[in-house]
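[1] would you be able to build a 3D model of this:
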Amino acid sequence: MKEKPEQDTDLFRQALEGVTPLPPPDRITPKPKPRRAPISAALTSPIPDTLSDHGAGDTAITEFLRNGISRMTLRDLRRSRWPIEDELDLHGLTNDEARRLLAEFLHQAGQRGLRCVNVIHGKGWRSEGRDGILKVNTRHWLTQHAQVLAFCEAPPNAGGGGAVRVLLKAKGNAESI
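    Next comes the predicted model:
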C-alpha cells in the first residue's frame, strides 16, 4: 500500500518536530590555486643559466636565509605567513632539465610579482640512505638565485622533505620582505 505524497510530508514534519537546525559552518572556503601562465617559448631574451652544481655537497640543507634578512622572516615562512602562490614539480627531470626549469620558473614568478612558491623536488628514494641528487642540487641552486630571500622545508602535508617553500623578493623592491 503506497501512501500519498501529502501524508509523506506530514510524517516528515512530525519526525523533525523540535529539531534545531545546525548553525552555518564557520569554515573559510579555499581559494582556487592561481593558474600559472605558461612559460613562453618566445621570451624576449633567454634566461641565463647561472646556477652551478659546484659545492652542493652530499646533504641537502633544510633552510636558507639570505644575509641581512631577519630570522623572524624564516619563522614566518615556516608558519605559512605567505600563502603559496604557485608550484613547480621537478619529479622525473634530469639535473640539467630541472636547473633550467627552476631558473625559468623563478624568473616568471618574479615577473608576475609572486612572493611565495613551492618547489617539489622529491626525496630521492633510490639514493640508498643519502639525500637525492635533485633534492641537494635544487636547494643549492635556490641559495644562488638572486630572487630567493629564504626557503624552508615544506610541512608534511605539502611535501615534507621532498619540497621547499621559497620566499621571493617583492617585485620592484630589492629590500622588501
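[2] and the helix or strand of the chain with the lowest mean pLDDT, what does it pack onto?
    Ranked by mean pLDDT, DSSP states H and E, the weakest helix or strand in the chain is helix 5-15, scoring a mean of 86. Using 3 or more Cβ pairs under 8 Å, 6 or more residues apart in numbering; DSSP states H and E as the contact test, no helix or strand touches helix 5-15. For every residue, glycine as well, the C-beta is placed using N, CA and C.
[3] does Cys152 count as helix, strand or coil?
    strand (DSSP: H, G, I helix; E, B strand; the rest coil).
[4] give me the beta-bridge partners of it?
    Per DSSP bridges, the residues bridged to Cys152 are Glu63, Arg165.
[5] what helix or strand is Arg139 located in?
    helix 133-144 (DSSP states H and E).
[6] can you check Asn118 too?
    strand 116-120.
[7] surely Ile61 touches Leu142?
    No - at 9.1 Å, Ile61 and Leu142 do not qualify as touching, with contact defined as Cβ atoms under 8 Å.
[8] center of this structure, which residue is that?
    With distances taken as Cα atoms, centre = their mean, the residue of the chain nearest its centroid is Asn118 (2.3 Å).
[9] got the contact list for it?
    By Cβ atoms under 8 Å, 6 or more residues apart in numbering, the residues touching Asn118 are Ile84, Asp86, Glu87, Leu88, Ala154, Ala158, Gly159, Ala163, Val164, Arg165, Val166.
[10] out of those residues, who's nearest Asp8?
    Of all these, Ala158 has the smallest distance to Asp8: 48.5 Å, by Cβ to Cβ.
[11] how many neighbours does the closest one have?
    Counted with other Cβ atoms under 10 Å, residues neighbouring Ala158 total 16.
[12] distance of the residue nearest to it when sequence neighbours are not counted from Asp89?
    Closest residue in space to Ala158, ignoring its immediate chain neighbours: Asn118 at 6.4 Å, by Cβ to Cβ, 6 or more residues apart in numbering. Distance, Asn118 to Asp89, by Cβ to Cβ, to the nearest Å: 9 Å.
[13] what is the burial count for Glu63?
    The number of residues near Glu63, taken as other Cβ under 10 Å, comes to 14.
[14] do I have it right that it meets Leu149?
    No - at 12.0 Å, Glu63 and Leu149 do not qualify as touching, with contact defined as Cβ under 8 Å.
[15] hang on, Leu142 packs against Phe64?
    Yes - counting by Cβ under 8 Å, Leu142 touches Phe64, with 6.6 Å between them.
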